[in-house]
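Engineer: A predicted structure for the sequence below; I have some questions about it.
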Amino acid sequence: MPDLKQTPLFNLHHELGAKMTAFAGYAMPVQYAGGIIREHLHCRDRAGLFDISHMGQCRIWGEKAAEALEKLTPGGIVDLAMGAQKYTVLTNPAGGVIDDIIVTRIDRGLSLIVNAGCKDKDYAYLTQQLPDDCVLQTCPELALLALQGPEAAVVMGRFSAEAEALDFMRTCRTRINGIDCWVSRSGYTGEDGFEISVHQTDAETIARLLLAEPSVEPIGLGARDTLRLEAGLCLYGHELSDTISPLQAGLKWLFKKGHAGFPGADNILSEFAAGLPQVRAGLLVDAKIPVREGCAVTDDEGRQVGIVTSGGYSPSLRRPVAMALIQPSYAGIGTPLLASVRGKPIAVTVTRLPFVPHRYHRS
């Protein structure tokens, strides 16, 4: 993969026997020797370590950084306490989503994590939109690791009492084995866990230290996707895009009451009154055949009422599941529908999200 970028853990992935794949311009591990299902279940049962260093990390510096970003999102940024995080979206003038991001309030500004495939356009957009008294600093020198699973807190506690004591969506600066890190209690699996931002030169040391713990195994992108699907979490380019509004994606909870000064606000807020053309819903598949992205969803008379945005086998439920954008009148829990797979109708049933309950740590 000569034209692909490498994360600081590239050599470690090969040492661990990873099968590599191209993702967002990077050579990334899709799975290791045990396979995706084993990795998935290990993360649900114990703890898994993910390399997510392909994600973009940046800072917005300035006394009014929160106020500036508030104007580009559905709000809530100015309300963040020091060290607190918020999941939100950057919206475009049409009401679609430029990217979904994680924002952290830090001293003298904000820290952002953006999607790997969007970071170049995000950085260009933020540079253009931010006022002169705010400065965007990209941080390509930083790596990002995720430790996820029910035993993640026990493992983290062996290295950092401060990190282990965090609540969900809170951060701290700490040291792991003498190495400076920023740790957040967050993740993309639905499990309790942590994300560790560290200088790229120290990433392999931290990874080896965590992998030496008996409960921790390396997890690739394949299981990361099945874990987030079970958790009912949006993936940019699937449940979110520049033509899918955050309301259609089921993210109404992002919106700060009374806040209407962000791009696309008129179009998005009009959906509250006029009604949504489509909504995100979970589908239980009544067959062994996976229902994949792009499959049409129809009623029993063959009328298309939606489209699958993500789908695959759920190792936890031992059956295929999917998420889809569906006309609201067909999105009631328990509604029977059909998904077209290579021209064959497959019975599906609308179900509540997430498929597997979240286990985030909230004291």
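Structural biologist: Thanks, I have it.
Engineer: any idea how the protein splits into domains?
Structural biologist: 5-53+141-230, 278-363 (automatic domain parsing).
Engineer: need the winner for burial among these.
Structural biologist: Mean neighbour count (mean count of other Cβ atoms under 10 Å) peaks for domain 5-53+141-230 among those, with a mean of 20. Placement of C-beta: from N, CA and C, glycine included.
Engineer: what about residue 88, which helix or strand?
Structural biologist: Residue 88 is part of strand 85-91, with elements assigned from DSSP states H and E.
Engineer: can you check residue 14 too?
Structural biologist: Residue-wise, residue 14 maps onto helix 10-15 under DSSP H and E.
Engineer: which ones are touching the residue nearest the centre of the chain?
Structural biologist: Closest to where the C-alpha atoms of the chain average out (Cα atoms, centre = their mean) is residue 188, at 4.8 Å. By Cβ atoms under 8 Å, 6 or more residues apart in numbering, the contact set of residue 188 is 52, 146, 148, 224, 227, 228, 231, 233.
Engineer: the third one contacts residue 50, correct?
Structural biologist: Read it as residue 148. Yes. Residue 148 lies in contact with residue 50 (Cβ atoms under 8 Å); the separation is 6.7 Å.
Engineer: any shared contact partners between these two?
Structural biologist: Common neighbours of residue 148 and residue 50 (Cβ under 8 Å, 6+ apart) are residue 219.
Engineer: low-confidence regions, this structure specifically.
Structural biologist: Within the chain, the ranges that satisfy pLDDT under 70 run 1-2.
Engineer: out of the domains of the chain, which is closest to residue 265?
Structural biologist: domain 278-363 (19.6 Å; Cβ to Cβ).
Engineer: immediately after the helix holding residue 14, which helix or strand?
Structural biologist: strand 19-23.
Engineer: isn't residue 184 right up against residue 174?
Structural biologist: No. Using Cβ under 8 Å, residue 184 is not in contact with residue 174; the gap is 10.9 Å.
Engineer: where exactly do the helices run in the stretch 101-250 of the chain?
Structural biologist: 119-129, 152-157, 161-164, 200-211, 221-230 (DSSP state H, counting those that start in this stretch).
Engineer: how far away from the center of its chain is the first one?
Structural biologist: By that I understand helix 119-129. Its chain's C-alpha centre and that of helix 119-129 lie 19 Å apart, by Cα atoms, centre = their mean, to the nearest Å.
Engineer: likewise the third one?
Structural biologist: Relative to its parent chain, helix 161-164 has a centroid offset of 23 Å by Cα atoms, centre = their mean.
Engineer: 40 is where my numbering starts, stick with that
Structural biologist: Sounds good: first residue 40 from here, last item helix 200-203.
Engineer: just checking, what packs against it?
Structural biologist: If contacts are counted by 3 or more Cβ pairs under 8 Å, 6 or more residues apart in numbering; DSSP states H and E, helix 200-203 sits against helix 191-196, strand 210-215.
Engineer: the ones you listed: which one's closest to residue 100?
Structural biologist: Nearest of the helices and strands packed on helix 200-203 (Cβ to Cβ): strand 210-215, 16.6 Å.
Engineer: pairing partners for the closest one, with directions?
Structural biologist: For strand 210-215, the paired strands and their directions (DSSP bridges) read strand 218-223 (antiparallel).
Engineer: residues in contact with the strand it pairs with?
Structural biologist: So strand 218-223 is in contact with 124, 141, 143, 150, 195, 199, 201-202, 205, 208-215, 233-238, 241, 244-245, going by Cβ under 8 Å, 6+ apart.
Engineer: can you map out the strands along the stretch 240-389 of the chain?
Structural biologist: 255-258, 318-324, 335-337, 343-353, 358-365, 375-380, 383-390 (DSSP state E, counting those that start in this stretch).
Engineer: can you put the ones you listed in TSV and add distance to residue 160?
Structural biologist: What follows is the strands of the stretch 240-389 of the chain, written out as TSV (distance: least, Cβ to Cβ, whole Å):
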stretch	distance to residue 160
strand 255-258	28
strand 318-324	23
strand 335-337	30
strand 343-353	21
strand 358-365	23
strand 375-380	32
strand 383-390	34
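Engineer: partner strands of the strand holding residue 127, parallel or antiparallel?
Structural biologist: By DSSP bridges, strand 124-130 pairs with strand 136-145 (antiparallel).
Engineer: make CSV out of the helices of the stretch 140-289 of the chain and add distance to residue 386.
Structural biologist: Output for the helices of the stretch 140-289 of the chain, formatted as CSV (distance: least, Cβ to Cβ, whole Å):
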stretch, distance to residue 386
helix 158-168, 39
helix 191-196, 37
helix 200-203, 45
helix 239-250, 42
helix 260-269, 19
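Engineer: quick one, which of these is nearest to residue 367?
Structural biologist: Nearest of the helices of the stretch 140-289 of the chain (Cβ to Cβ): helix 260-269, 22.1 Å.
Engineer: now do the closest one: which elements does it pack against?
Structural biologist: strand 65-70, helix 75-84, strand 343-353, strand 358-365.
Engineer: and for the first one, what's in contact with it?
Structural biologist: Strand 65-70 is contacted from outside by 40, 43-46, 49, 52, 55, 57-62, 75, 78, 90, 93, 155, 257, 259-262, using Cβ under 8 Å, 6+ apart.
Engineer: isn't residue 377 up against residue 387?
Structural biologist: Yes. With contact defined as Cβ under 8 Å, residue 377 reaches residue 387; the gap is 6.7 Å.
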